[in-house]
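Chemist: Got a predicted structure here, sequence first:
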Amino acid sequence: MALQQGGPEKADEFLWGGMAEPVKAVATLSGIQLRNHGFPHRYARGLARERNDPEFEAAFIRAEPLHSNYYEAFLSREEREREFEALATAVSKLMKLLPEGASA
């Protein structure tokens with residue numbers, strides 16, 4: 001919706017949150033306390049190792065420029081669209097780690 005209404009930077013922030021919030025939800029439901037802004041990346045790295053699935057960390061790394069783009073507006077529409085599919089796949093996997101009925 002934000003992208004269609006001409007707010008690509010806001011859309012990028014939503015994409016970033018779409019990755020960060022499920023990571024935070026999985027951590028919280030695992031009893032891990034969020035301590036600072038850098039925590040989700042470190043937790044995604046740990047999930048990648050624990051589950052032997054490097055996609056978790058790779059997707060998080062790919063999402064970080066989207067968060068920065070909200071403030072700096074440096075990404076093109078093509079770059080944004082290229083990241084969307086990779087993030088959607090990782091988020092789908094993260095959501096499967098949550099209990100049924102839970103949402104991030």
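Modeler: Now that the structure is in, tell me what you want to look at. In this text, all values refer to a predicted model and were calculated from it rather than measured experimentally.

Chemist: By residue count, tell me the biggest helix in the protein.
Modeler: Longest helix in the chain by number of residues (criterion: DSSP state H): helix 8-29.

Chemist: which residues does L75 contact?
Modeler: Applying Cβ atoms under 8 Å, 6 or more residues apart in numbering to L75 gives the contacts 8, 12, 65-66, 69. For every residue, glycine as well, the C-beta is placed using N, CA and C.

Chemist: please redo it, this time with the cut-off set to 10 Å
Modeler: Contact analysis of L75 by Cβ atoms under 10 Å, 6 or more residues apart in numbering lists 8-9, 12, 65-66, 68-69, 81-83.

Chemist: Find the residue closest to the residue positioned nearest the centre of the chain in space, skipping its chain neighbours.
Modeler: Geometric centre of the chain, nearest residue: M19, 1.6 Å, by Cα atoms, centre = their mean. Distances taken as Cβ to Cβ, 6 or more residues apart in numbering put A63 closest to M19, at 4.1 Å, once the chain neighbours are dropped.

Chemist: before we move on, back to that, the residue nearest to the centre of the chain: what's it in contact with?
Modeler: 40, 44, 56, 59-60, 62-64, 66-67, 83, 86-88, 90-91, 94, 104.
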